[in-house]
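Asker: Structural data only, the sequence is not supplied:
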């Protein structure tokens with residue numbers, strides 16, 4: 001039986017209508033794939049609390065979590081991921097990658113040019129078509 005991992009991702013948009021994307025490092029699971037930043041939900045945390053904590057830990061900035069965009073379950077070769085993505089607004093700081101290989105601010109129109117992890121793709125498709 002594969003392990004189920006419940007994670008959250010932030011769709012952080014700046015005032016130029018660009019979305020913040022992070023490239024998973026070679027030492028992470030799903031290496032060298034792009035994702036909406038976030039991470040695992042710990043016991044006793046809401047998805048929103050987990051997202052705020054993960055963004056502080058991994059990018060040294062604070063966010064306000066908004067509406068849910070997508071809730072996707074995807075079965076990878078070695079585990080199953082349930083990914084809940086939320087719109088988010090940067091409140092303080094400039095994101096600095098402490099664990100990821102790279103980060104980029106990308107327009108909606110160019111999101112499809114990045115090689116996203118499979119669980120992120122439904123959210124990518126949904127927001128790429130927003131105006």
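Answerer: Right, received. Where do you want to start? These numbers were taken from a predicted model, which means no experiment stands behind them. Numbers count the residues shown, from 1 in each chain.
Asker: and residue 55, that one's in a helix?
Answerer: Yes. Assessed by DSSP: H, G, I helix; E, B strand; the rest coil, residue 55 belongs to a helix.
Asker: State the number of residues packed around the nearest residue to residue 114 once chain neighbours are set aside.
Answerer: Sequence neighbours aside, residue 34 is the residue nearest to residue 114 in space, at 4.1 Å (criterion: Cβ to Cβ, 6 or more residues apart in numbering). Using the backbone N, CA and C atoms, a C-beta is placed for each residue, glycine as well. When neighbours are defined as other Cβ atoms under 10 Å, residue 34 has 23 of them.
Asker: how far away is residue 34 from residue 116?
Answerer: 5 Å (Cβ to Cβ, to the nearest Å).
Asker: what's the overlap in contacts for the two?
Answerer: residue 21 (Cβ atoms under 8 Å, 6 or more residues apart in numbering).
Asker: Report the beta-bridge partner residues of residue 87.
Answerer: Legend: beta-bridge partners of residue 87 under DSSP bridges are residue 11.
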